[in-house]
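K.L.:
Model the following, please.
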Amino acid sequence: MKRLYCQRLEYPSFNKIGGACSVEIFDHTNLVVIIIKEIGEGVSVTNAAENIQTTIFRSPQFKAMLPHMTRENVVFIEHYPHKDDPTWDAVKCQWDETKQEFFEPVWAPVPMHVLKEYTGCIYPASL
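P.N.:
Next up, the predicted model:
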């Protein structure tokens, strides 16, 4: 596993306001783990989950960095860094082949031992 990227990402939203988050990418041999951290700017990462995933998949920068990334081998994890009770949830979206975008996100908690396996640490360093 290798940490490839940790940067701020601006994304569009359904209401045209948009938002920003921190993105961390961990590359495994057959798996790409992308952690989307809420930073409190604009529309929440929860309300823009499908927009964030679509932005990443359409980005030439991410395509160049991760040419092997597919919808089948990527795990998106939404992170809210609340001081007393941080949360980590996998977010899986459906894919619209016609529009080439994600939709209908579904969330599931990520246990700490799985997060550690994905990232190599309990709490990944973030922006």
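
K.L.:
Neighbours of residue 96, how many?
P.N.:
A count of neighbours around residue 96, defined by other CB atoms under 10 Å, yields 13. (Glycine included, C-beta is placed from N, CA and C.)

K.L.:
i'd like the first residue to be 686 from this point on
P.N.:
With the count now opening at 686, the last piece we talked about shows up as residue 781.

K.L.:
and stretch 688-698, how far out from the chain's middle?
P.N.:
Put simply, stretch 688-698 sits 8 Å off its chain's centre (CA atoms, centre = their mean, to the nearest Å).

K.L.:
For it, buried residues please.
P.N.:
Within stretch 688-698, the residues that count as buried by 16 or more other CB atoms under 10 Å are 688, 691, 694, 696-698.

K.L.:
Go through these and flag which are in strands.
P.N.:
Counting by DSSP state E, the part of these found in strands is 688, 691, 694, 696.

K.L.:
Who are the contact partners of residue 772?
P.N.:
Contacts for residue 772 (CB atoms under 8 Å, 6 or more residues apart in numbering) come out as 763-765, 794.

K.L.:
Kindly recompute the last result at 6 Å.
P.N.:
Taking CB atoms under 6 Å, 6 or more residues apart in numbering, we find residue 772 in contact with residue 765.

K.L.:
And for residue 756?
P.N.:
Listed by CB under 6 Å, 6+ apart, the contact partners of residue 756 are residue 780.
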